[in-house]
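S.K.: what would the 3D arrangement of this be:
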Amino acid sequence: MLKLASAFKGYSIEASDGEIGTVADFLFDDRNWLTRWLVVDTGKWLTGRKVLLHPAALGKADHERRELPVALTKAQIQGSPELSAHEPVSMQMEHLLYDYYGWQPMSIESAFGANPIASKYSAPPLFVFAPVAETAIRPDACNPHLRSLEAITGYHIIGSDGEIGKAEDMLIDDAGWGVPYLVVDAGNWWSGKHVLMSRHAVREISWADRQIRVEVALHQVKASPPWTVLGDVDPDYEKDLHDHYNWPGHR
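M.R.: Next up is the predicted model:
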């Protein structure tokens, strides 16, 4: 199911032995547009602390109850490497997390989506893979491809012949946690309109300029199949959208 990423904020994260906190943000990889980490606010349980969880450890979302089960215990999560507040996620932190939980990054990505790894609660290691090879990583070296939904909101979406609008949200597929579309508010030139931009259209993301450049012209946007923020994105709509822009096969 495709769902607005912002709608997941506040979802309860349920460990095997109780609630650990709520979804605060998403971190995604701008090379494959997969959600790499959920940022979880642990609230009063671990006051002032946030933790990172890989989506492969999640079970099926319960949208009615606004809950996401995770195949971990509270003790496992409490003992995980601590995320520095207000600091970008470093590559060292990612490796520490993979090592702590016994996850192997490439094996997770190859299986992720088609066959969810975490099918039941278990103690570490959750995934039986070879240990991550040790590499020399500067403690402060950040993953340049790791993007935050919270940070990217408000970025200017620049088309081939002008600004299309601003990034307002993303659509996430909760079956595989991919990010197939950006939700763009085009109200600066097309009153009240929102449009979807496929990940296939994105050419460049600039942190410095707060811009996302896409291979799309303004006349294409105005003639695109209509969509509203509350509208569904079913297979027929996606086919029409991708045919209109000549994007590759949807999702």
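S.K.: burial of Gly79, as a residue count?
M.R.: 11 (other C-beta atoms under 10 Å). Heads up, the C-betas are built off the backbone N, CA and C, glycines and all.
S.K.: tell me the secondary structure for the closest residue to it other than its chain neighbours?
M.R.: Closest residue to Gly79 apart from its sequence neighbours, by C-beta to C-beta, 6 or more residues apart in numbering: Tyr100 at 7.7 Å. Here Tyr100 is recorded as helix under DSSP: H, G, I helix; E, B strand; the rest coil.
S.K.: I'd say Tyr100 and Pro81 touch.
M.R.: Yes. Counting by C-beta atoms under 8 Å, Tyr100 touches Pro81, with 5.9 Å between them.
S.K.: so what's the backbone phi/psi at Glu19?
M.R.: phi -70, psi 140 (degrees, to the nearest 10).
S.K.: I'd say it and Ile13 touch.
M.R.: Yes. The criterion here is C-beta under 8 Å, and Glu19 meets it with Ile13 at 6.8 Å.
S.K.: before we move on, the earlier item: any figure for the gap between the residue nearest to Gly79 and Thr47?
M.R.: 21 Å (C-beta to C-beta, to the nearest Å).
S.K.: do Val89 as well
M.R.: Counting by C-beta to C-beta - Val89 and Thr47 are separated by 21 Å.
S.K.: repeat that for Gln211.
M.R.: From Gln211 to Thr47 the distance is 37 Å (C-beta to C-beta).
S.K.: between those two, who's got more neighbours?
M.R.: The residue with more neighbours, out of Gln211 and Thr47, is Gln211; 16 against 7, by other C-beta under 10 Å.
S.K.: now do the same contact list for the more buried one.
M.R.: Contact analysis of Gln211 by C-beta atoms under 8 Å, 6 or more residues apart in numbering lists Tyr155, His156, Ile157, Ile158, Glu204, Ile205.
S.K.: touching, the third one and Val183? I think so.
M.R.: What that stands for is Ile157. No. Between Ile157 and Val183 there is no contact under C-beta under 8 Å: 10.1 Å.
S.K.: residues shared between the contacts of the two?
M.R.: In contact with both Ile157 and Val183: Ala167, using C-beta under 8 Å, 6+ apart.
S.K.: how many neighbouring residues does Trp189 have?
M.R.: Trp189 has 13 nearby residues by other C-beta under 10 Å.
S.K.: which ones are touching it?
M.R.: By C-beta under 8 Å, 6+ apart, the contact set of Trp189 is Glu163, Gly165, Leu218.
S.K.: and for Glu215?
M.R.: Glu215 neighbours (C-beta under 8 Å, 6+ apart): Ser160, Ala201, Arg203.
S.K.: now the helices for the stretch 1-150 of the chain?
M.R.: 5-8, 74-78, 91-101, 105-111, 149-152 (DSSP state H, counting those that start in this stretch).
S.K.: what are the contacting residues of the helix or strand just after the last one?
M.R.: The reference is to helix 149-152. Following helix 149-152 in sequence order, the next helix or strand is strand 156-159 (DSSP states H and E). Under the criterion C-beta under 8 Å, 6+ apart, residues 163-167, 182, 184, 197, 209-214, 216-218, 221 lie in contact with strand 156-159.
S.K.: now do 7 Å
M.R.: With C-beta atoms under 7 Å, 6 or more residues apart in numbering as the contact definition, strand 156-159 has outside contacts at 163-167, 184, 197, 210-214, 216-218.
S.K.: how about stretch 243-250?
M.R.: With C-beta under 7 Å, 6+ apart as the test, stretch 243-250 has contacts from Pro180, Ser198, His200, Ala201, Val216, Gln220, Ser224, Pro225, Glu238, Lys239, His242.
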